[in-house]
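In: after the sequence you'll find the predicted model.
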Amino acid sequence: MSGVYGGHELLKNPASRFALIAAFATALGSCVLFAVTTPPPKLLVHLDGDFLRVSALHLNFISGKTLERLKNGDSIAFVAHLTVTSAPNSLVSDTGSVARFALSYDIWEEKFSVTKIGDRPETRRSGASHLSAQATENWCFDNLTLDRSSLPPDRPFYVQLDLRAEDPQDQLGIVGEAGISITRLIDLFSRPPRATQPHWSVPGGPYRVADLKKASHG
């Protein structure tokens, strides 16, 4: 009885009640924060015929302010750089691929459109429309490829995806009449993104061509 009585006396004290409520709110907030925490992006790679393709789990770049701007009628471009290196976090790449994806939103159909300008003549311009946000993201990743012939055939390698929203200050010179400027895009990714610029860098590996071949046939 004394324990129960002591508990009632504790709740009669305003300061004690406030402290108990604050502690409960903090614990509840921690639980909610834990529940909505998004896992970090994860890079997945696979061979598809003559190409290496990537996908990125938990990387939803059509969200937040980007999604808000698109629904307000803005067109937003993302630039992507896919690189292969012989060691993790290496500054020197063995091969790579760059692309620019221009996104827009149809407020009547509530669907997205995307246009890609690539770094190879056969993929200079392509696009898709009437897509959901998730399908648009998947389309972008699926259209950022590397030639399988450029991969190291007999040693491990690492792949890194760098993606950032195009800043208006960087737009000039990226796209011209001949298509995308590879040199300009690579130079862009050699500099850190601006503080307000949405960006992601997702590494993966090590991989081996032989293992990817087995997985693609398995």
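Out: That came through, no problem.
In: I'd like to know how far the residue nearest to Ser93 when sequence neighbours are not counted sits from Lys42.
Out: Leaving aside its sequence neighbours, Ser93 sits nearest to Thr83 (CB to CB, 6 or more residues apart in numbering; 4.1 Å). For every residue, glycine as well, the C-beta is placed using N, CA and C. Per CB to CB, to the nearest Å, Thr83 is found 17 Å from Lys42.
In: before we move on, what about Ser216?
Out: According to CB to CB, Ser216 stands 19 Å off from Lys42.
In: likewise Leu163?
Out: Applying CB to CB to Leu163 and Lys42 gives a distance of 14 Å.
In: likewise for Thr115?
Out: 27 Å.
In: do the same with Ala87
Out: Relative to Lys42, Ala87 is positioned 20 Å away (CB to CB).
In: same check on Asp147?
Out: Computed as CB to CB, the Asp147 to Lys42 distance reads 24 Å.
In: without its sequence neighbours, what residue ends up closest to the spatially most central residue of the chain?
Out: In the chain, the C-alpha nearest the mean C-alpha coordinate belongs to Leu59, at 3.9 Å (CA atoms, centre = their mean). Excluding the flanking residues, the one nearest Leu59 by CB to CB, 6+ apart is Pro41, at 3.9 Å.
In: residues near Pro41, how many?
Out: Neighbour count of Pro41, defined by other CB atoms under 10 Å: 18.
In: follow-up on the earlier one: neighbour-wise, which of Thr115 and Lys42 wins?
Out: Thr115 (16 against 13).
In: my guess is that one meets Phe101, correct?
Out: Yes: in terms of CB atoms under 8 Å, Thr115 counts as a neighbour of Phe101; the distance is 7.2 Å.
In: partner strands of the strand ranked longest in the chain and their direction?
Out: The longest strand of the chain (DSSP state E) is strand 95-106. Here strand 95-106 is paired, per DSSP bridges, with strand 76-85 (antiparallel), strand 111-117 (antiparallel).
In: how is this protein divided into domains?
Out: Domain ranges of the chain: 2-36, 43-217, per automatic domain parsing.
In: rank these by pLDDT, which is bottom?
Out: Mean pLDDT values for these show the minimum at domain 2-36, a mean of 47.
In: what's near enough to touch Lys65?
Out: Contact partners of Lys65, counting by CB atoms under 8 Å, 6 or more residues apart in numbering, are Pro198.
In: am I right that it sits in a helix?
Out: Yes: assessed by DSSP: H, G, I helix; E, B strand; the rest coil, Lys65 belongs to a helix.
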